[in-house]
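S.K.: fold the following and give me the result.
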Amino acid sequence: MAFNELLDQVGGLGRFQILQVLSLISIMVVAFPQALLENFTAAVPDHRCWVPLLDNHTASGNASDVLSQDALLRVSIPLDAKLRPEKCRRFTHPQWQLLYLNGTSPSTNEPDTEPCVDGWVYDRSSSVSTTVTQWDLVCESESLTSVLRFLLMAGMMVGNIVFGHLTDRWLAESARWLIVANKSQEALKELKKAAHKNGVKNVGDTLTMEVVRSTMKEELEAAVTKPSPWDLFRASILLKQILLLSFVRFANSMLFYGLNLHIHHLGNNIFLIQCLFGLVNILANCVALLALNYIGRRVSQVLLMFLMGISILAITFVPQEMDTLRVVLSTFGEGVCVATLLCSITQGNELIPTSFRATGLGIIAICGNFGAALSPLMMILRMYSEPLPWIIYGILSIVAGLSVLLLPETRNQPLPDYIQDVKNKARASTKAEREDSLDKVTRF
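M.R.: Sure thing, here's the model as predicted:
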């Protein structure tokens, strides 16, 4: 490509590009952990109903002198199906007869129970105070935690839209985009700035307006006709690609935040899981880079999204008691999810032409933010079936992986600058497929 020749003159991959990447990383390091804080500020500790025999010291004084805490808990709180104290109900009256029965023995008369009308008692061994304990967001009010997370993610979505426009006032534009937008003077200025930071000397003698115009002659001639954003929707091939990329990003973001915002459903030690997720993210990015370079964009995404869907579906079949296996599966799913997200972003950047890249990527990012905002609301479905949200996540990942097959491969392909480049590439691909099929037929 012609623009690559200009990049070589300003130093290729040098100090300027490295500083750009480091500045973006510094922003992400500060911003991204804010969403993950919900795992700790909104942690749901173990809880049970407040009962007088255990929690009213005046009423429990005599009983606690005679009976142990476990015995008082047994007569005050019923057991669930797994023979653990109920979290949301208590006996209407103390059931003293239970002290003389085997805990697993059936009772002919079921004692009356009631909700936690006097509040709850929380295990504060790992978290002294959270939004859940502060506002009693448990039992009947448990779904409100999902609503709070939804509001957080919705706020991030609105912020991305609003501040995405505001950044145009102070961020330097891409020189490639400036040339395509028929702003060659500004493009030359940005190229010289990059060359200076890369340590290229005497760039003013070799990089002039005449050089830019001769190198980018075809691009500048095409830039005379200013494209309209509506052209993006009138080109069927480009519209199809953006819709597919938006669906894939929607699924990726929903799964990514579905895992990261609900780690308390995946294991008992949220601190350990969060550390494992952080470590596997680093490894996942390395794996994604290798897959993109050696396998290709399309095949990498399909394989990774299938693995992600299978690992999430597998979690639903693992009992809560097998905590180690659940953590291993969820950590693997997190790593695959991160790798898939990187592959999706790379392919989106390479498919959308430069003249519409900002608009197209903005649409895809909004769809991804919408999926991230919906991910907490999926957990409300746990009220009807415990594994239902994870089943939906797994199926969505597999379906999104299949949709990637409808996108073209972009590895080692030149970046398109205009819609016509996308159309020409599609025609060339169709022609090659027809010639290949004819060749196979004529052999017989």
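S.K.: quick one: the helices in the stretch 101-250 of the chain?
M.R.: 131-135, 143-166, 175-180, 184-197, 203-206, 209-215, 217-222, 231-234, 236-260 (DSSP state H, counting those that start in this stretch).
S.K.: can I get those in TSV including mean pLDDT and distance to Ala400?
M.R.: Any C-beta I mention is one placed from the backbone N, CA and C, and that applies to glycine too. Formatted as TSV, the helices of the stretch 101-250 of the chain follow (pLDDT from 0 to 100; distance: least, CB to CB, whole Å):
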stretch	mean pLDDT	distance to Ala400
helix 131-135	88	32
helix 143-166	79	19
helix 175-180	70	29
helix 184-197	78	36
helix 203-206	70	45
helix 209-215	73	40
helix 217-222	63	34
helix 231-234	70	22
helix 236-260	90	4
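S.K.: point out where the stretch 1-150 of the chain drops to low pLDDT.
M.R.: 1-9, 11-12, 57-66, 101-109 (pLDDT under 70).
S.K.: who's in contact with stretch 270-289?
M.R.: The contact list for stretch 270-289, computed with CB atoms under 8 Å, 6 or more residues apart in numbering, reads 36, 39-40, 43, 126, 259-260, 263-264, 266-267, 300, 304, 327, 330-332, 334-340, 342-343.
S.K.: mean confidence score for that stretch?
M.R.: What stretch 270-289 shows for mean pLDDT is 89.
S.K.: oh, and call the first residue 8 from now on, that's how I've got it
M.R.: From this message on, residue numbering opens at 8, which makes the last subject stretch 277-296.
S.K.: just give me how far that stretch sits from the chain centre.
M.R.: 13 Å (CA atoms, centre = their mean, to the nearest Å).
S.K.: just the C-alpha atoms of it, please, in PDB.
M.R.: Coordinates of each C-alpha in stretch 277-296 appear next as PDB, following Å, rounded to 0.1, in the frame of the first residue of the first chain:
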ATOM      1  CA  ILE A 277     -13.400 -14.100  44.900                       C
ATOM      2  CA  PHE A 278      -9.900 -12.700  45.600                       C
ATOM      3  CA  LEU A 279      -8.200 -15.800  44.200                       C
ATOM      4  CA  ILE A 280     -10.500 -15.800  41.100                       C
ATOM      5  CA  GLN A 281      -9.800 -12.200  40.400                       C
ATOM      6  CA  CYS A 282      -6.100 -12.700  40.600                       C
ATOM      7  CA  LEU A 283      -6.400 -15.800  38.300                       C
ATOM      8  CA  PHE A 284      -8.500 -13.800  35.800                       C
ATOM      9  CA  GLY A 285      -5.800 -11.000  35.700                       C
ATOM     10  CA  LEU A 286      -3.000 -13.500  35.100                       C
ATOM     11  CA  VAL A 287      -4.800 -15.400  32.400                       C
ATOM     12  CA  ASN A 288      -5.600 -12.100  30.600                       C
ATOM     13  CA  ILE A 289      -1.900 -11.600  30.000                       C
ATOM     14  CA  LEU A 290      -1.500 -15.100  28.700                       C
ATOM     15  CA  ALA A 291      -4.600 -14.800  26.600                       C
ATOM     16  CA  ASN A 292      -3.300 -11.800  24.700                       C
ATOM     17  CA  CYS A 293      -0.100 -13.600  23.800                       C
ATOM     18  CA  VAL A 294      -2.200 -16.600  22.600                       C
ATOM     19  CA  ALA A 295      -4.400 -14.300  20.500                       C
ATOM     20  CA  LEU A 296      -1.400 -12.700  18.800                       C
END
